[in-house]
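Undergrad: mind looking at a prediction? Sequence and model below.
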Amino acid sequence: MRKFWVYVGFLMLGFIPTAHGADENILLFMNTVKNEHIEQIDLTKLTMAAFEGLHKMDPKVRVANDKSRFTFYYDAKVYKNFNKPESDDTTDWAELIDRVFKAAVQISPKISLKDYEAPDAMMSKMVESLDKDSKLYTAMEMADKSKLRRKVNFSSRKIGDILYVRIGSFGVNTYLQIKKLLQSEQNIQALILDLRGNSGGQLASASKVAGMFLEGGIVFMTKGISEATNRVYQATAKDEFDEKPVVVLVDGKTASAAEIVAGSLQEQSRAIIMGTETFGKGTTQHLVEFPNGSILAITNAKIYLPSGKAFINNGVMPDFCLSVPHDEINSFIASKPQGERKCEHQEREGNEEDVKMAVELLKTRI
């Protein structure tokens, strides 16, 4: 009986055939890429990436991409040939991957022994062929709780008449937390918004936070393949901080929704950005859960500032660069136009010297 349940467990984690014969996980992956990814991906490229996953499981397995077929090699010898589908129907391509996988199970002892790992092995390589921001989180990785790190997402303190607020990630309650805090601290004269190490979070929440400091208008926009991803995020018609000075602290780990908040406030001259160039992840991801328990975060839209500027590979450039020596900060500001400056990425989360510099700057503007 114990062997039976072990077998069932492996089956649940392994290939789950559909009515068409293709594995559910692989078919769902390919359909998701076709329908949601920000760029059209060649199915041959995606399929070859899946075969690279089999090669990683057993280096003796290699698949060559010929003009009209794939050639399966094992230990440098031709084992089988597989004709390419004539259409771009993802079901046909997923069934092809299934046939190649079954051939690998037949000839490769390594793959046969761990066939239940094949979907994740192949999808891990497939996601690498998409873009730098799409990620696959396997069920085994998520089950390893030792890799999870608890992080404080919201904290605040007063530094004289300046309010310091740290946001580790934009969640459902972030806007209400800041709103309540500002209402309770009526006598503060300036704000430091610390987004260092903030990898993003919920776009709607980030939009509301940025909108608190703007007099209406567009905060940012998202554009993707599907209509659902084409959105305009608007600010309310009132600056809830009464136009008091704001400094936003950023670093090389400030990404996605967090750097868009910084970029939007900077572009509309509402905040001074201090720190280093941000990560440059101006995209959004949609989470898709697979039958085997893994989760795909697929890039489905790009984020744009009101001016139309996007942050793909290039992050937000600070007004005050803190990765240069202190005596060169002013010359950094005056040396070149904002778009031509360079400010080395650094991880500065928790660096109190940055906070001190922000306080000194704000004291000159209160």
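TA: Cool, the structure landed.

Undergrad: what helix or strand does residue 93 sit in?
TA: In this structure, residue 93 sits in helix 90-107 according to DSSP states H and E.

Undergrad: mind listing what's buried along the helix or strand hosting residue 358?
TA: Assigned by DSSP H and E, residue 358 falls within helix 352-363. Residues 354, 355, 357, 358, 359, 361, 362 are the ones in helix 352-363 that count as buried (16 or more other Cβ atoms under 10 Å). All C-beta atoms are positioned from the backbone trio N, CA, C, and that covers glycine.

Undergrad: report the mean per-residue pLDDT for it.
TA: Confidence for helix 352-363, expressed as mean pLDDT, is 94.

Undergrad: quick check: next helix or strand after the helix holding residue 93?
TA: helix 109-113.

Undergrad: quick one: mean pLDDT over that next one.
TA: pLDDT averaged over helix 109-113 gives 94.

Undergrad: who are the packing partners of the helix holding residue 358?
TA: Packing partners of helix 352-363 (3 or more Cβ pairs under 8 Å, 6 or more residues apart in numbering; DSSP states H and E): strand 162-167, strand 190-194, strand 246-250, strand 272-275.

Undergrad: sorry, back to before: show me the contact partners of the helix holding residue 93.
TA: 15, 17, 20-23, 26-27, 30-31, 34, 43, 46-47, 50-51, 54, 57-58, 61, 63, 70, 72, 74, 79-80, 82, 84-85, 111-112, 115, 118, 122 (Cβ atoms under 8 Å, 6 or more residues apart in numbering).

Undergrad: those in strands, which ones?
TA: Counting by DSSP state E, the contacts of helix 90-107 place 61, 63, 70, 72, 74, 79, 80, 82 in strands.

Undergrad: could you dump those to CSV with neighbour count and distance to residue 249?
TA: Converted to CSV, the ones in strands among the contacts of helix 90-107 look like this (neighbours: other Cβ atoms under 10 Å; distance: Cβ to Cβ, whole Å):
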residue, neighbour count, distance to residue 249
61, 24, 49
63, 22, 49
70, 21, 51
72, 22, 54
74, 17, 55
79, 17, 57
80, 17, 58
82, 17, 54
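
Undergrad: now these in JSON lines, with pLDDT?
TA: Output for the ones in strands among the contacts of helix 90-107, formatted as JSON lines (pLDDT from 0 to 100):
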{"residue": "61", "pLDDT": "96"}
{"residue": "63", "pLDDT": "96"}
{"residue": "70", "pLDDT": "96"}
{"residue": "72", "pLDDT": "97"}
{"residue": "74", "pLDDT": "96"}
{"residue": "79", "pLDDT": "96"}
{"residue": "80", "pLDDT": "94"}
{"residue": "82", "pLDDT": "96"}
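
Undergrad: which single one of these is nearest to residue 137?
TA: residue 61 (25.1 Å; Cβ to Cβ).

Undergrad: measure residue 263 to residue 248 for me?
TA: Between residue 263 and residue 248 the computed distance is 10 Å (Cβ to Cβ, to the nearest Å).

Undergrad: report the buried residues of stretch 313-328.
TA: 315, 316, 317, 318, 319, 320, 321, 322, 323.

Undergrad: list the contacts of it.
TA: Contacts for stretch 313-328 (Cβ under 8 Å, 6+ apart): 250, 252, 254-255, 259, 262-263, 266, 272-281, 329, 332-333, 338-339, 341, 343-346, 348, 353-354, 357, 361.

Undergrad: got a list of contacts for stretch 60-76?
TA: Taking Cβ under 8 Å, 6+ apart as the rule, stretch 60-76 contacts 44, 47-48, 51, 54-55, 78-84, 96, 100, 103-104, 107-108, 111.

Undergrad: straight-line length of that stretch, end to end?
TA: 7 Å (Cα to Cα, to the nearest Å).
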